[in-house]
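1. Here is the input, now give the coordinates:
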Amino acid sequence: MKITKSVLMIAVGLFLVSTAANVSGQRKPKHGPGNPNWGGSAELRQTALNAGYNEGVSAGRKDQQQKEKFDFKDESEYRSATRGYSSSLGDKALYQRYFRSGFEKGYRDGWNGY
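-> Numbering: from 1, shown residues only. A predicted model of the protein is given here:
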């Protein structure tokens, strides 16, 4: 009987761990681990990633609602990648690189209904 209870407890524990991993893996955080670091100030990175993500979510939702194909690269905001940019942040090309990274993640989330 003790062996059966032990086995049952282990099985329940494994189930709970795997369930928690699946739930946490369903939605990626907007920012944090997994975001690139190509240099520049923290303010430049966060501003560009936030602006890109927010624009991407909007564009992804819109494309999904209008039954358009999944293609973030055809969006004008993605191509220009300057929303929220100010020269006080630093290098414009670096800002655009971070913006596009955030936009891609946001577009995917918006397309998938997050």
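2. How about residues contacting stretch 107-114?
-> Applying CB atoms under 8 Å, 6 or more residues apart in numbering, the contact partners of stretch 107-114 are 27-28, 53, 56-64, 70, 72, 75, 78. (C-beta placed from N, C-alpha, C; glycine too.)
3. and if we set it to 10 Å?
-> Outside stretch 107-114, the residues within contact range by CB atoms under 10 Å, 6 or more residues apart in numbering are 26-28, 30, 52-65, 68, 70-73, 75, 77-78, 106.
4. cool, stretch 78-87 as well?
-> By CB under 10 Å, 6+ apart, the list of residues contacting stretch 78-87 reads 43-44, 47-48, 50-52, 54-56, 59, 71-73, 75, 77, 92-93, 95-104, 106-107.
5. quick one, helices of this protein?
-> Taking DSSP state H as the criterion, the chain carries its helices at 2-26, 42-65, 76-80, 92-111.
6. Can you flag the weakest of these by average pLDDT?
-> Lowest mean pLDDT within these: helix 2-26, a mean of 41.
7. who's in contact with Q46?
-> 31, 35, 89, 98, 102.
8. Name the nearest residue to the second one, ignoring sequence neighbours.
-> Same thing as N35. Leaving aside its chain neighbours, N35 sits nearest to L49 (6.2 Å; criterion: CB to CB, 6 or more residues apart in numbering).
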